[in-house]
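[1] predicted model and sequence below, questions to follow.
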Amino acid sequence: MDVIQIALRAFFALVTLFVITRLSGKKQLAQLTFFEYIVGITIGDIAAFIATDIESNLVHGYTSLIIFAVIPLLIDYLSLKSKFVRDLFEGKGTVLIKKGKILEDNMKKEHITTDELLEQLRLKGVFKVADVEFAMLETSGHLSVMAKKQAQAATIKDLQLNLPEEQEPETVIMDGKIMLDPLRASGRNTDWLNTELEKAGVKLDNVFMGQVDAFGQLYLDLYNDQLQMPQPSQNQLLLASLKKSQADFEMFALETKNPETKKVYTKAAEKLQSTIDQLSPYLH
């Protein structure tokens with residue numbers, strides 16, 4: 001009887017912990033404040049005590065468990081309403097590097113050694129302190145780093161390129177089954193997909209995952225990792241090269257500010273697109 005009683009206590013304690021965890025939100029362990037971390041440990045201890053101590057009063061145990069669960073929820077609610085409460089329980093971030101200068105007093109305050117600072121910088125891909133403009137130790141314990149302008153990687157915006165927006169690939173096959181909604185969202189149908197699978201010499205039930213990108217390229221990951229995917233034929237490579245060249249002409253037309261040059265690139269892109277449309281039935 002004692003074993004059954006402990007099993008039931010453990011089951012209901014686990015259910016209660018699951019409910020409490022769901023109510024507390026989706027914070028990861030690294031995002032928990034010190035207060036939430038302490039409360040979490042205490043709740044776990046109380047649940048274990050309820051499950052194993054058959055001589056304890058269940059009502060008392062669950063009362064304390066509920067109190068420890070409600071307090072963090074109440075504090076979370078008050079934190080949303082008041083910055084004072086938020087700062088009190090969650091703390092504030094601490095600046096460790098400002099305008100390229102290491103703030104030693106702040107490091108001492110947070111008990112951060114030089115080695116630990118350098119480690120955190122390396123994890124962010126920064127190996128020279130001279131490249132850091134600003135660094136802050138967040139309340140979660142993570143280090144946020146902003147590199148100096150000359151040490152930042154160039155972006156598309158910096159190069160002033162007007163490129164088309166990247167589109168999310170659609171997962172059209174999952175666990176050997178065709179996903180109809182994503183397939184329709186990609187602008188294609190099951191006939192096209194079956195044709196592509198036939199070209200690749202792959203059976204549907206051997207496909208773990210299949211994705212279609214914005215250019216209509218089908219990526220397949222197979223259950224059988226030993227099976228090699230066939231390489232594209234010369235016709236497919238030629239068609240891909242033509243499409244890339246046509247896209248390059250369109251990009252050049254968007255980049256240039258000279259009206260005459262823009263017309264030349266636009267006309268070339270249109271002619272190449274017409275050629276692709278004519279050759280596609282023979283190259284597929």
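    Perfect, I can see it now. Numbering: from 1, shown residues only.

[2] what helix or strand is Glu168 on?
    Following DSSP states H and E, there is no helix or strand that holds Glu168.

[3] how many neighbours does it have?
    10 (other Cβ atoms under 10 Å). Any C-beta I mention is one placed from the backbone N, CA and C, and that applies to glycine too.

[4] Phe11 now?
    By other Cβ under 10 Å, neighbour count at Phe11 equals 11.

[5] that one: what secondary structure?
    Classification of Phe11 using DSSP: H, G, I helix; E, B strand; the rest coil returns helix.

[6] how close does it sit to Ile4?
    According to Cβ to Cβ, to the nearest Å, Phe11 and Ile4 sit 11 Å apart.

[7] can you check Thr266 too?
    Distance from Thr266 to Ile4, by Cβ to Cβ: 80 Å.

[8] Gly210 too?
    49 Å.

[9] could you list the domains of this protein?
    2-88, 94-151, 234-283 (automatic domain parsing).

[10] adding distance to Leu197 and mean pLDDT, write those out as TSV.
    What follows is the domains of the chain, written out as TSV (distance: least, Cβ to Cβ, whole Å; pLDDT from 0 to 100):
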stretch	distance to Leu197	mean pLDDT
domain 2-88	37	70
domain 94-151	40	89
domain 234-283	15	80
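
[11] closest to Arg184 out of the ones you listed?
    domain 234-283 (22.1 Å; Cβ to Cβ).

[12] now that closest one, how far from the centre of its chain.
    Put simply, domain 234-283 sits 34 Å off its chain's centre (Cα atoms, centre = their mean, to the nearest Å).

[13] related to what we said a few turns ago, nearest to Leu193, of the domains of the chain?
    domain 234-283 (16.8 Å).

[14] toward the C-terminus, what is the element adjacent to the helix or strand containing Asp105?
    Counting by DSSP H and E, the element that carries Asp105 is helix 104-109. Tracing the chain C-terminally past helix 104-109 and defining elements by DSSP H and E, one meets helix 114-123 next.

[15] contact partners of that following helix?
    With contact meaning Cβ atoms under 8 Å, 6 or more residues apart in numbering, helix 114-123 is reached by 96, 102, 107, 127, 129, 132, 135, 143, 145.

[16] CA atoms only: put that helix into PDB for me.
    Extracted C-alpha coordinates of helix 114-123, given in PDB (Å, rounded to 0.1, in the frame of the first residue of the first chain):
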ATOM      1  CA  THR A 114      39.400  39.400 -16.900                       C
ATOM      2  CA  ASP A 115      39.600  35.800 -18.100                       C
ATOM      3  CA  GLU A 116      35.800  35.400 -17.900                       C
ATOM      4  CA  LEU A 117      35.300  38.700 -19.800                       C
ATOM      5  CA  LEU A 118      37.600  37.500 -22.600                       C
ATOM      6  CA  GLU A 119      35.900  34.200 -22.700                       C
ATOM      7  CA  GLN A 120      32.500  35.800 -23.100                       C
ATOM      8  CA  LEU A 121      33.900  38.000 -25.900                       C
ATOM      9  CA  ARG A 122      35.300  35.000 -27.700                       C
ATOM     10  CA  LEU A 123      32.000  33.300 -27.500                       C
END
